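Visitor: Just the structure for this:
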Amino acid sequence: MIEESIRNEVQDKIVEIFGESHSFTWERIKEGYTNENFKIINEQGIPLAICKVYVEDEIHSSKDRFDRELNALEIFSGILAPELVCHKNSQILVYKYIIGTELHKLPTSEINVDLLQKTITKMLSLSKLKRNSLKSDVSSFYNKLVEKYTNSGIKYPKKLTDTLQMLSHQQEEILDAYSEHLTFVHGDLIPPNFIFHEQKYTLLDWEFSRPELIFFDQQYFNYYAKAHNLPIVIEVEQNVQDFYNNLVDVLERLWRFGYEMSNKEIFYKI
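Guide: Numbering: from 1, shown residues only. Now for the predicted structure:
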């Protein structure tokens, strides 16, 4: 739960930005695997902002996720991401509420595939211009990930952790061959994180943004577009398509296993 003093600070900032009164309702809208979200609503019932509270996770620490999302919002705020309102204590981040429709909830006839592809391309291009990504950053990320999954108290299936380790080794050659495509990716490019409004797409949930080749985001989107039955495919370099499909698949299987096991632990504690 958010401390009253911090809640008041957030509300003061909202008053400063929106010119609203101090009467707000905080509505919990999601308690997810890695965070809690609150919708901050004014007296007229209009949502003004989202307050995200990062919850600790043994694989992706709350501070790492906070830092990644804050860095991303500082680059993309108001361009491809919601406008940043404020942040507190490396744990709480507040951004303006976007009124729109999630990509997977749009009628197929209303999905502008060209605009979608341009949005992804713009994000990856801006990331490349604004940040200096290194091959060693990518390797370090996956080495740490393999170590955390292998040593986790959840006891992830060895077949999955071994596959992740094998793929992380294979990626070394791909990083050398496609170094010009190294950038910062969104890292969680699923259809629900695309909000369509005012004839453009805004991207939410940047907490898994990190150094990576552009192919990861492209194939990650394809993986989940298929899961949501969306007739959209982003073209991925043919030579690396299978590799990134396998990488995304094993990461999602590991995530799903951890999510289900964590929920079981909560159930048994109750």
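Visitor: so who does Leu230 touch?
Guide: Contacts for Leu230 (C-beta atoms under 8 Å, 6 or more residues apart in numbering) come out as Leu103, His104, Thr108, Ile111, Pro191. C-beta: built from backbone N, CA, C; applies to glycine.
Visitor: ditto for Gln241
Guide: By C-beta under 8 Å, 6+ apart, the neighbours of Gln241 are Phe215, Gln219.
Visitor: helices and strands around the host helix or strand of Thr163, which ones?
Guide: Element membership for Thr163 (DSSP states H and E) is helix 158-177. With contacts defined as 3 or more C-beta pairs under 8 Å, 6 or more residues apart in numbering; DSSP states H and E, helix 158-177 has these neighbours: helix 135-150, helix 238-269.
Visitor: any weak-confidence spans in the stretch 1-150 of the chain?
Guide: Under the criterion pLDDT under 70, the flagged ranges of the stretch 1-150 of the chain are 1, 30-33.
Visitor: For it, which segments count as strands?
Guide: Secondary structure of the stretch 1-150 of the chain (DSSP state E, counting those that start in this stretch): strands located at 25-31, 35-41, 47-54, 84-88, 92-96, 101-102.
Visitor: Against which helices or strands is the longest one packed?
Guide: What that stands for is strand 47-54. Strand 47-54 is packed against helix 4-18, strand 35-41, helix 62-76, strand 92-96, with contacts defined by 3+ C-beta pairs under 8 Å, 6+ apart.
Visitor: likewise the last one?
Guide: Here strand 101-102 is seen to pack against strand 194-197 when contacts are counted using 3+ C-beta pairs under 8 Å, 6+ apart.
Visitor: Check which residues of whichever helix or strand comes after the strand it packs on are buried.
Guide: Once the chain leaves strand 194-197, the next helix or strand it forms, by DSSP H and E, is strand 200-203. Neighbour-count burial for strand 200-203 flags Tyr201, Thr202, Leu203 (criterion: 16 or more other C-beta atoms under 10 Å).
Visitor: quick one: which of the residues you listed is nearest Tyr97?
Guide: Minimum distance to Tyr97 across these is 10.8 Å, recorded for Thr202 (C-beta to C-beta).
Visitor: and the closest one, what does it touch?
Guide: Contacts of Thr202 by C-beta under 8 Å, 6+ apart are Leu80, Ala81, Pro82, Ile98, Gly100, Phe194, Ile195.
Visitor: I'd like to know how many residues surround the last one.
Guide: Using other C-beta atoms under 10 Å, the number of residues around Ile195 comes to 18.
Visitor: where's it relative to Glu56, distance?
Guide: 27 Å (C-beta to C-beta, to the nearest Å).
Visitor: Turn the contacts of Leu230 into TSV, including distance to Lys135 and neighbour count.
Guide: Converted to TSV, these look like this (distance: C-beta to C-beta, whole Å; neighbours: other C-beta atoms under 10 Å):
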residue	distance to Lys135	neighbour count
Leu103	32	22
His104	34	17
Thr108	39	9
Ile111	35	18
Pro191	30	20
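Visitor: Nearest to Gln238 among those?
Guide: Nearest to Gln238 among those, with distances taken as C-beta to C-beta, is Pro191, at 23.8 Å.
Visitor: Next one, pLDDT for that closest one please.
Guide: Listed pLDDT for Pro191 reads 95.
Visitor: For it, give me its contacts.
Guide: Neighbours of Pro191 in contact, by C-beta under 8 Å, 6+ apart: Glu102, Leu103, His104, Phe221, Tyr224, Ala225, His228, Leu230.
Visitor: The same query, at a cut-off of 7 Å, please.
Guide: Counting by C-beta atoms under 7 Å, 6 or more residues apart in numbering, Pro191 touches Glu102, Leu103, His104, Tyr224, Ala225, His228, Leu230.
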